[in-house]
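Participant: here is my input; please provide its structure:
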Amino acid sequence: MSTNKSIVKSAGVIGLATSLSRVLGFVRDIVIAGFFGTSLYAQAFVVAFRIPNLLRDLIGDGATNAAFVPVFTEELAKKGKKEFFDLTRVVFNILFIILLVLTVIGIFAAPLIVRMIAPGFISDPEKFRLTVTLTRLLFPFLILVGLWAYAMGILNTLGHFAAPAFGPCVLNLLMILCAVWFGENVFGLAAGVLAGGVLQLLIQFPPLYMKGWSLSFTKRFAHPQAKKIGLLLIPRALGACVYQVNVFVSTILASLSGIVGEGAVAGLYYANRIWQLPLAIFGIALAQAALPAMSRQAAANDIEKLKGTLLFSLRALFFILLPASAGLMFLSAPITKTLFERGAFSAYSTSITASALFFYAIGLVACGGIKLLVSAFYSLQDTMTPVKAAAASLVLNLILNVALMGPLKIGGLALATSISAIFNCVVLYVMLKKKIGRIGISTVVDSIIKISIAGLLMGLFCYAATLKVNVLIAIALGAPLYFLISYLMDAREMKELLAWILRKK
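Facilitator: Model (predicted):
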């Protein structure tokens, strides 16, 4: 199987699992919105759940992509399975100790952490107390998600993507069940997070055993490649810190209800959940599937193949995320209303969430591009360059947040995120081009223009259609229209997709 076909197949598995996870995630968010809306309880849970997710980006997904997969792949290719599994056992020992220490510190430091990231909550003693309590309850989730990421790194290196990809489905399902069971008791959501984290980890064990891994312990805490993982993770830690400063700034400013309006913390969360759907289903799935292939090509010093894999992935990304971006912008209000407006989620909640979603959508393609470009750097075992780009983007985001939050309220915070993401993506592309030479993006400018026009026409059609029919019907009609316009405009990606379908038939 060719590399491109392998990437498409793997991305399809990840995308399918991610789609199911996101559907369950939306059901979860609909349930949460119905019980809590953008109230005190919703805001407390969003902030508390964000805190362990702060470290999840580093210990979880970030560690898998930045260090586990590239180094594991290199060890497997050069020394075989025995040495590979020896390395994974040493990494397990080190990782578990780190996760345990961070969790204990987080539980004791919860009041200080909440004061730092949600200063607007201090003036409301009940909201502050509830957020601190939920934070302490949720911190052990860090251990569970860290070990899940460790398992994902092993399985992805060995070419297995299904179990790790379906893990978040289990997490969302448990959260839904607990939310429904406990009703308006927000502590039921915390119980669902922990129960889901346990089950998400447990389902990784069968495929791990089938691949030859075993739960055998070693007293070793040192390995040359483990040290290399640590060295790769230091810049990744800095990058995670930069990203989380962005998240913290948005949370801090959103908590200032006197400026951006009441309920902004929860509104940003719900908008981000909708915006993340196309990004996760395709952008993140594509980056995750491409990383092992690019890591193998980098290990073999075949830079031309790596560039070909990256260009193919970027073209596929544009073809899907450009129309998705247009759709979210034109349909921000009807999508939000259809998904969430019921129970405690009022028309006001819809208006602030839709405003944030509109401006988030502007940066959708750039965020997908960042995921792919960062994966390319990781495959080259360069984790420092993405940090530099992210740091520059952080400064821009800080300036834009302060400048835009006054006139645009919650929308200004989302727009600042989008503009800084576009800047980050451009900087990453320029830096990667300097590192490995011309990538060839100029050869697909014509296709990008064509699919942009097709996406714009689709968005206009869907918006007009929602005046007559339900938003879901409008989207169902808009998707084939996009493909038809792309075909009539002779877009290269559409022709390749059609040829692939005909070959399958």
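Participant: domain parsing of this protein, as residue ranges.
Facilitator: 3-439, 451-505 (automatic domain parsing).
Participant: mind putting those domains in TSV, mean neighbour count and mean pLDDT included?
Facilitator: The way it works is simple: take the backbone N, C-alpha and C, and place the C-beta from them, glycine included. Below are the domains of the chain laid out as TSV (neighbours: other Cβ atoms under 10 Å; pLDDT from 0 to 100):
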stretch	mean neighbour count	mean pLDDT
domain 3-439	20	80
domain 451-505	16	84
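Participant: using TSV, lay out these together with distance to residue 445.
Facilitator: What follows is those, written out as TSV (distance: least, Cβ to Cβ, whole Å):
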stretch	distance to residue 445
domain 3-439	10
domain 451-505	10
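Participant: most centrally placed residue in this structure?
Facilitator: Central residue of the chain (Cα atoms, centre = their mean): residue 280, 5.7 Å from the mean position.
Participant: and that one, its phi and psi?
Facilitator: phi -70, psi -40 (degrees, to the nearest 10).
Participant: pretty sure it sits against residue 22.
Facilitator: Yes - with contact defined as Cβ atoms under 8 Å, residue 280 counts as touching residue 22 (6.0 Å).
Participant: how close does residue 339 get to residue 85?
Facilitator: Computed as Cβ to Cβ, to the nearest Å, the residue 339 to residue 85 distance reads 44 Å.
Participant: nearest residue to residue 41 other than its sequence neighbours?
Facilitator: Of all residues not flanking residue 41 in the chain, residue 186 sits nearest, at 4.5 Å (Cβ to Cβ, 6 or more residues apart in numbering).
Participant: who touches that neighbour in this structure?
Facilitator: 36, 41, 44-45, 130, 134 (Cβ atoms under 8 Å, 6 or more residues apart in numbering).
Participant: from the residues you listed, which is closest to residue 143?
Facilitator: The nearest member of those to residue 143, counting by Cβ to Cβ, is residue 134 at 17.1 Å.
Participant: and the closest residue to the closest one other than its chain neighbours, what is it in contact with?
Facilitator: Spatially, and ignoring its direct neighbours in sequence, residue 134 is nearest to residue 48 (3.5 Å; Cβ to Cβ, 6+ apart). Applying Cβ under 8 Å, 6+ apart to residue 48 gives the contacts 114, 131, 134-135, 137-138, 190.
Participant: contacting residues for residue 339?
Facilitator: Per Cβ under 8 Å, 6+ apart, neighbours of residue 339: 26, 29-30, 274.
Participant: what's the most distant pair in the residues you listed?
Facilitator: The largest separation in these, counting by Cβ to Cβ, is between 30 and 274 at 11.2 Å.
Participant: right, and residue 140 touches residue 195 too?
Facilitator: No - at 11.5 Å, residue 140 does not count as touching residue 195 under the criterion of Cβ under 8 Å.
Participant: all strands of the stretch 101-250 of the chain, in order?
Facilitator: Remark: no strands are assigned in the stretch 101-250 of the chain by DSSP state E, counting those that start in this stretch.
Participant: quick one on the thing from earlier: and the residue nearest to residue 134, how far is that from residue 484?
Facilitator: Applying Cβ to Cβ, the value for residue 48 to residue 484 is 46 Å.
Participant: try residue 19
Facilitator: From residue 19 across to residue 484, the span is 23 Å (Cβ to Cβ).
Participant: residue 422 sits in which helix or strand?
Facilitator: Secondary structure from DSSP states H and E places residue 422 in helix 410-436.
Participant: C-terminal to that helix, what's the next element?
Facilitator: Assigned by DSSP H and E, the successor of helix 410-436 is helix 445-465.
Participant: which strands and helices lie in contact with that next one?
Facilitator: When contacts are defined as 3 or more Cβ pairs under 8 Å, 6 or more residues apart in numbering; DSSP states H and E, helix 445-465 packs onto helix 303-330, helix 471-488, helix 492-504.
Participant: all helices of the stretch 101-250 of the chain, in order?
Facilitator: Here the stretch 101-250 of the chain has its helices, by DSSP state H, counting those that start in this stretch, at 110-117, 125-138, 141-157, 162-182, 187-202, 205-210, 224-254.
Participant: alpha carbons of the fifth one, as PDB, please.
Facilitator: In other words, helix 187-202. Taking Å, rounded to 0.1, in the frame of the first residue of the first chain, the C-alpha atoms of helix 187-202 are listed here in PDB:
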ATOM      1  CA  PHE A 187     -20.600  16.500  40.800                       C
ATOM      2  CA  GLY A 188     -22.100  13.800  38.600                       C
ATOM      3  CA  LEU A 189     -20.200  15.200  35.600                       C
ATOM      4  CA  ALA A 190     -17.000  14.900  37.600                       C
ATOM      5  CA  ALA A 191     -17.800  11.300  38.400                       C
ATOM      6  CA  GLY A 192     -18.400  10.700  34.700                       C
ATOM      7  CA  VAL A 193     -15.000  12.200  33.700                       C
ATOM      8  CA  LEU A 194     -13.100   9.900  36.100                       C
ATOM      9  CA  ALA A 195     -15.100   6.700  35.200                       C
ATOM     10  CA  GLY A 196     -14.700   7.500  31.500                       C
ATOM     11  CA  GLY A 197     -11.000   8.000  32.000                       C
ATOM     12  CA  VAL A 198     -10.600   4.600  33.600                       C
ATOM     13  CA  LEU A 199     -12.600   2.800  30.900                       C
ATOM     14  CA  GLN A 200     -10.800   4.700  28.100                       C
ATOM     15  CA  LEU A 201      -7.500   3.400  29.400                       C
ATOM     16  CA  LEU A 202      -8.700  -0.200  30.000                       C
END
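Participant: residue 137 touches residue 188, doesn't it?
Facilitator: No - counting by Cβ under 8 Å, residue 137 sits too far from residue 188 to count as a contact (11.1 Å).
Participant: quick one: contacts for residue 179?
Facilitator: Contacts of residue 179 (Cβ under 8 Å, 6+ apart): 28, 31-32, 35, 188-189, 192.
Participant: wait, which of those residues is closest to residue 310?
Facilitator: The shortest approach to residue 310 among the contacts of residue 179 belongs to residue 28, at 34.0 Å (Cβ to Cβ).
Participant: roughly how far does the closest one sit from residue 156?
Facilitator: 25 Å.
Participant: likewise for residue 357?
Facilitator: Residue 357 is 31 Å from residue 156, by Cβ to Cβ.
Participant: also residue 494?
Facilitator: Counting by Cβ to Cβ, the gap from residue 494 to residue 156 is 30 Å.
Participant: residue 391 now?
Facilitator: 28 Å.
Participant: what does the nearest residue to residue 106 once chain neighbours are set aside show for phi and psi?
Facilitator: Distances taken as Cβ to Cβ, 6+ apart place residue 139 nearest to residue 106, at 4.2 Å, with adjacent residues excluded. Backbone geometry at residue 139, expressed as degrees, to the nearest 10, gives phi -60, psi -40.
Participant: which ones are touching the residue nearest to residue 163 when sequence neighbours are not counted?
Facilitator: Spatial nearest neighbour of residue 163, chain neighbours left out: residue 207 (4.6 Å); criterion: Cβ to Cβ, 6+ apart. The neighbours of residue 207, taking Cβ under 8 Å, 6+ apart as the test, are 155, 160, 162-163.
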